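Participant: Output the structure for:
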Amino acid sequence: MSSISFLEKMLPSVKLGIWMAFFTLLLLIGKMLYRHLRDILVLLEIPAPPAKPIIGLGTEFFGVSQEEIFRKFREYSKQFRPVYRLPLFHIQAINLINSGDIEQVLSSYNHLKKSMTYDFLNKWLGTGLLTSSGEKWHARRKLLTPTFHFKILQDFLIAFNEETNKFVEKINGCLDDAGVDISKFIDNLTLQAVGETAMGLELVDEGIMIDYRQNLRKMGKIIIERITKFFYRFDFIYRWTDLAHEEKVVTQSLHRFSETVIRRRKVMRRGSTIERKRLAMLDLLLQYKEEGADIDDLGIREEVDTFLFEGHDTTSIALSMLILLLANHKEVQERVIEEIDQVLGKKAKNPTHEDLPKLEYLECCIKETLRLYPSVPSIGRIAGEDFTTTTGYRIPKGTIMLIQIYDLHRDASVFPEPEKFNPDRFKPENTMNRNSFAYIPFSAGPRNCIGQKFAMWEMKAVMCGLLQHFKLAPIDTPMGIKFYTDLILRTNCPIKVKFIKRQ
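Facilitator: Numbering: from 1, shown residues only. The predicted structure is shown next:
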């Protein structure tokens, strides 16, 4: 049989195979489109702001400032509470503001995956504890949990006190009736503290710290641009833009910083002439790697980048707002000072780990500050299965869900006069019947913030040192502070407070 006749006989079979593959592909595409349209029809039952056909609110945020974006989200939440939909071209993002709905999502292991906007962080943070999902997230969480053990936190408190003492000295050196811009001082304090505790290094170079903080803000702006400008979501378009080039430069700079931290700590661990003052999170990661744990140099950098960012920036804004609120509420400040004097004595001294739990009213003030100004105002998840919310709406698997923490904390049915600063809301007798998911400044459920005790101890230590030496008087007011949309809650202006030496 000739090769030609063989091919002629095979040709009908090949054609049939091609047609079958083609129709199978069409069937799969049709099935996907059907499911997508079905899901959209289900989600259309959820109220939404007025939007244009097809593009929805896709162009609503073009050319709009980050401050205006923040304001728009607050308006939407007030108008459409307890849940609303943001139609953005083919995406329907569901915003949850009700504690019952949020509990369904955050308490479940079926909705652990972060929303797709977190993918924009991958070039910088990789797939570390913040951005990973599935088995990798479980493994990293298990690996990192011991680094925040109570005994290790006791050592961290030493560093918190040291940095607080330096902070007090700096404030002493620039007392002015016009007030002190606390933002820079607090940023330095929290970055130094996380460097000393988590990384085991004193980041004393002021220029390096300024450069690092500036790059964080540049990165935040880049990520918000990618989220709000739809065409930036497509990598094949984005990679050719000036913004992508800027992101590359900023990412390289941030990585140089973290890689330098890791390299220096490795040298310190090997060197016999350099004494390690205390065990740091980075030491444990390096030790895990040496012992054969499932983490390599890239994985260590992922967690260092994540904690350098999350461990200082979120605490910095919380401390700044707490100081501002106490300066503007004299009676609350007096109660805090009285409690600190009772626990620590009237002669200034650093708090110990035994002292911190006794500062109950100070803790109420911190919690109320985080209610009004949660450091992370919203978080995103992907629905891992179909479910119906407690408010009666169906959410299909794969839906983007945005949990608006800032607006959740302003539910008047849970927190009467929600804009009022009232630390008594967090007295034990006032929290007994409150849904624990109505207040989630550190998220909640399996993916809650691993460093929340770290943050609370640091804030208590700082306020002890500060209020043993100074009283606070208002220059700026909370009403005068404007926020803008970023990776965390950020202000668009300095925060000034007057410091008065205590007698």
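Participant: which helices and strands does the host helix or strand of D211 pack with?
Facilitator: Following DSSP states H and E, one finds D211 within helix 206-228. When contacts are defined as 3 or more Cβ pairs under 8 Å, 6 or more residues apart in numbering; DSSP states H and E, helix 206-228 packs onto helix 66-80, helix 182-197, helix 242-270, helix 297-328. All C-beta atoms are positioned from the backbone trio N, CA, C, and that covers glycine.
Participant: Now do the helices in the stretch 351-500 of the chain.
Facilitator: Under the criterion DSSP state H, counting those that start in this stretch, the stretch 351-500 of the chain contains helices at 360-372, 405-408, 428-431, 452-469.
Participant: try the stretch 51-200 of the chain
Facilitator: Remark: helices assigned in the stretch 51-200 of the chain by DSSP H, counting those that start in this stretch are 66-80, 99-106, 122-125, 134-144, 150-172, 182-197.
Participant: Can you lay out the helices of the stretch 351-500 of the chain as CSV showing distance to S183 and mean neighbour count?
Facilitator: CSV is the format used below for the helices of the stretch 351-500 of the chain (distance: least, Cβ to Cβ, whole Å; neighbours: other Cβ atoms under 10 Å):
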stretch, distance to S183, mean neighbour count
helix 360-372, 15, 22
helix 405-408, 20, 24
helix 428-431, 31, 10
helix 452-469, 14, 22
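Participant: Using neighbour counts, pick out the buried residues of the helix holding D211.
Facilitator: For helix 206-228, the neighbour count (16 or more other Cβ atoms under 10 Å) marks 209, 212-213, 215-216, 218-228 as buried.
Participant: out of the residues you listed, who's nearest D386?
Facilitator: Relative to D386, the closest of those is I227; by Cβ to Cβ it sits at 25.7 Å.
Participant: which residues does the closest one contact?
Facilitator: Contacts for I227 (Cβ atoms under 8 Å, 6 or more residues apart in numbering) come out as T117, F120, R233.
Participant: From C464, how far off is it?
Facilitator: 39 Å (Cβ to Cβ, to the nearest Å).
Participant: And for the residue most central in space within the chain, nearest residue in space, chain neighbours not counted?
Facilitator: Per Cα atoms, centre = their mean, the C-alpha nearest to the average position across the chain is that of V376, at 4.5 Å. Distances taken as Cβ to Cβ, 6 or more residues apart in numbering place I488 nearest to V376, at 5.6 Å, with adjacent residues excluded.
Participant: Could you count how many residues lie near the one you found?
Facilitator: When neighbours are defined as other Cβ atoms under 10 Å, I488 has 17 of them.
Participant: Would you mind listing the residues in contact with it?
Facilitator: Contacts of I488 (Cβ under 8 Å, 6+ apart): G220, D313, T314, I317, S375, V376, P377.
Participant: now, which of the residues you listed sits nearest E103?
Facilitator: Closest to E103, out of all of the contacts of I488 and judged by Cβ to Cβ, is V376, at 17.8 Å.
Participant: Look at the closest one and report its pLDDT.
Facilitator: Note on V376: pLDDT of 95.
Participant: My read is that it contacts R490, right?
Facilitator: No. With contact defined as Cβ atoms under 8 Å, V376 does not count as touching R490 (11.2 Å).
Participant: Could you report the neighbour count for M20?
Facilitator: Using other Cβ under 10 Å: M20 sits among 10 other residues.
Participant: host element of it?
Facilitator: helix 3-43.
Participant: Distance check, I158 against P351.
Facilitator: 11 Å.
Participant: So these two - more neighbours on which side?
Facilitator: P351 (23 against 17).
Participant: And the more buried one, how far from L153?
Facilitator: For P351, the distance to L153 - Cβ to Cβ - is 13 Å.
Participant: ditto for N430
Facilitator: As judged by Cβ to Cβ, N430 and L153 stand 27 Å apart.
Participant: Over to L88?
Facilitator: Taken as Cβ to Cβ, the span from L88 to L153 is 42 Å.
Participant: what's the answer for G200, then?
Facilitator: 15 Å.
Participant: In the stretch 201-350 of the chain, where is pLDDT below threshold?
Facilitator: Scanning the stretch 201-350 of the chain for pLDDT under 70 picks out 202-204, 271-279.
Participant: repeat that for 80
Facilitator: Residues of the stretch 201-350 of the chain meeting the criterion pLDDT under 80: 201-208, 268-280.
Participant: residues in contact with the closest residue to M209 other than its chain neighbours?
Facilitator: Nearest non-adjacent residue to M209, counting by Cβ to Cβ, 6+ apart: L191, 5.6 Å away. With contact taken as Cβ under 8 Å, 6+ apart, L191 is in contact with L203, M209, Y212, R213, L308, H312, S316.
Participant: Among those residues, pick out the one closest to C449, please.
Facilitator: H312 (13.7 Å).
Participant: Spit out the contact partners of the closest residue to the closest one other than its chain neighbours.
Facilitator: Distances taken as Cβ to Cβ, 6+ apart put T190 closest to H312, at 4.0 Å, once the chain neighbours are dropped. With contact taken as Cβ under 8 Å, 6+ apart, T190 is in contact with G311, H312, D313, T315, S316, L319, E458.
Participant: Adding distance to T147, write these out as a markdown table.
Facilitator: Below are the contacts of T190 laid out as a markdown table (distance: Cβ to Cβ, whole Å):
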| residue | distance to T147 |
| --- | --- |
| G311 | 11 |
| H312 | 16 |
| D313 | 19 |
| T315 | 17 |
| S316 | 21 |
| L319 | 22 |
| E458 | 15 |
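Participant: Just give the number of residues close to the nearest residue to K229 once chain neighbours are set aside.
Facilitator: Leaving aside its sequence neighbours, K229 sits nearest to F62 (Cβ to Cβ, 6+ apart; 6.4 Å). Number of residues near F62 (other Cβ under 10 Å) recorded here: 10.
Participant: Would you check how far apart F62 and L298 are?
Facilitator: Distance from F62 to L298, by Cβ to Cβ: 36 Å.
Participant: Please apply the same query to S443.
Facilitator: Separation of S443 from L298 (Cβ to Cβ) stands at 25 Å.
Participant: Those two - which one has more neighbours?
Facilitator: Legend: neighbour count by other Cβ under 10 Å for S443 and L298, higher for S443 (18 against 10).
Participant: Just to check, the more buried one is in contact with C449?
Facilitator: Yes. Counting by Cβ under 8 Å, C449 is a contact partner of S443 at 5.7 Å.
Participant: For E310, which residues are in contact?
Facilitator: Counted by Cβ under 8 Å, 6+ apart, E310 has contacts L130, C449, G451.
Participant: ok, of these, which one's closest to K113?
Facilitator: Relative to K113, the closest of the contacts of E310 is L130; by Cβ to Cβ it sits at 12.5 Å.
Participant: thought that closest one was touching N122?
Facilitator: No. Contact criterion Cβ under 8 Å: L130 and N122 do not qualify, at 10.4 Å.
Participant: Comparing those two, which residue is more hemmed in?
Facilitator: With neighbours defined as other Cβ under 10 Å, L130 and N122 compare such that L130 has more, 22 against 13.
Participant: Leaving out chain neighbours, which residue sits closest to the more buried one?
Facilitator: Nearest one to L130, counting by Cβ to Cβ, 6+ apart, is T306 at 5.0 Å.
Participant: so how far is D305 from the residue nearest to M209?
Facilitator: For L191, the distance to D305 - Cβ to Cβ - is 14 Å.
Participant: Pull out the buried positions in stretch 235-244.
Facilitator: Across stretch 235-244, burial judged by 16+ other Cβ under 10 Å covers Y238, A244.
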